[in-house]
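Asks: Fold the following, please.
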Amino acid sequence: MTKIKLNRFFLTLSMAIGVFVFSERAFSQTTDIAVVDSTSKTENRLKFGLGFGLSFVGGTNISLAPNLIYEVSHKVSLGGGIQGSYTSIKDLQSTTTFGANIITQYRPIRQLTTLLEFAQLKVNTKTETPTGKVTDDYWDSALFVGLGWNINEKISVGAKYNLLYKEDESVYTSPVLPFVNITF
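Replies: The predicted model follows:
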């Protein structure tokens, strides 16, 4: 049963990415005209990005998510990356995650970026109980849709919502996650 749901999920994800990539040209009201000039440089469409998080409220939470993004056009970008995090509540619980993600971004206007992101994480949790340590090791999937405000060409700040969030099963504490992404 799970395999059928997973296959249907990947098919839906593939179709959504295809719609993002190929519909941008169909619904665009502008026409791109290429002018070739031997003295002009070609712009670098491959960008390195870095998402991060740091919090010490109620414990320690550190996350790092480098990614590589390819600009298909000025509006559409595709990419992927790796991510890892460490969360600890002193003398109670610690969680380590690592995994990978694929991401599609669409900029309807220069100041906004919408995103569709799929992440697969390996989760390792250790919890202190009165009877001793309890460990839990599992995989967690997340499908995010999000919106970010582009502060400038290199920095985006926003929030994303996990469509696959289940309160008792997810490594995330909330279905809504804020993000900061810096592109180099």
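Asks: secondary structure element for the residue nearest to the spatial centre of the chain?
Replies: The C-alpha lying nearest the average C-alpha coordinate of the chain belongs to Glu117 (Cα atoms, centre = their mean; 4.7 Å). According to DSSP states H and E, Glu117 maps onto strand 112-129.
Asks: next one: that strand to chain centre, how far?
Replies: Offset of strand 112-129 from its chain centre (Cα atoms, centre = their mean, to the nearest Å): 9 Å.
Asks: and the next element down the chain from that strand?
Replies: Next along the chain from strand 112-129, counting by DSSP H and E, comes strand 132-150.
Asks: Just want the angle from that following strand to strand 112-129.
Replies: Using axes from the mean of the first three to the mean of the last three Cα atoms, to 10 degrees, one finds that strand 132-150 and strand 112-129 are set 170 degrees apart in direction.
Asks: and strand 132-150, average pLDDT?
Replies: For strand 132-150, mean pLDDT is 94.
Asks: Restricting to C-alpha, output that strand in PDB.
Replies: Included here for strand 132-150 are C-alpha records, laid out as PDB according to Å, rounded to 0.1, in the frame of the first residue of the first chain:
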ATOM      1  CA  GLY A 132      16.900   4.800  30.100                       C
ATOM      2  CA  LYS A 133      17.600   6.000  26.600                       C
ATOM      3  CA  VAL A 134      15.200   5.300  23.800                       C
ATOM      4  CA  THR A 135      16.400   5.700  20.200                       C
ATOM      5  CA  ASP A 136      14.300   6.000  17.100                       C
ATOM      6  CA  ASP A 137      15.700   5.800  13.600                       C
ATOM      7  CA  TYR A 138      13.400   6.500  10.600                       C
ATOM      8  CA  TRP A 139      13.000   8.300   7.200                       C
ATOM      9  CA  ASP A 140      10.700  11.300   7.000                       C
ATOM     10  CA  SER A 141       9.400  12.900   3.700                       C
ATOM     11  CA  ALA A 142       8.300  16.500   3.300                       C
ATOM     12  CA  LEU A 143       6.600  18.300   0.400                       C
ATOM     13  CA  PHE A 144       6.800  22.100   0.800                       C
ATOM     14  CA  VAL A 145       5.000  24.900  -1.000                       C
ATOM     15  CA  GLY A 146       6.300  28.300  -0.100                       C
ATOM     16  CA  LEU A 147       6.500  32.000  -0.700                       C
ATOM     17  CA  GLY A 148       9.500  34.200  -0.200                       C
ATOM     18  CA  TRP A 149      10.200  37.900  -0.400                       C
ATOM     19  CA  ASN A 150      13.400  38.700  -2.400                       C
END
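Asks: so what's Tyr138 up against?
Replies: Lys122, Val123 (Cβ atoms under 8 Å, 6 or more residues apart in numbering). To be clear about C-beta, it is placed using only N, CA and C from the backbone, and glycine gets the same treatment.
Asks: Quick check: the gap between it and Gly59.
Replies: Shown here: Tyr138 relative to Gly59, a distance of 21 Å by Cβ to Cβ, to the nearest Å.
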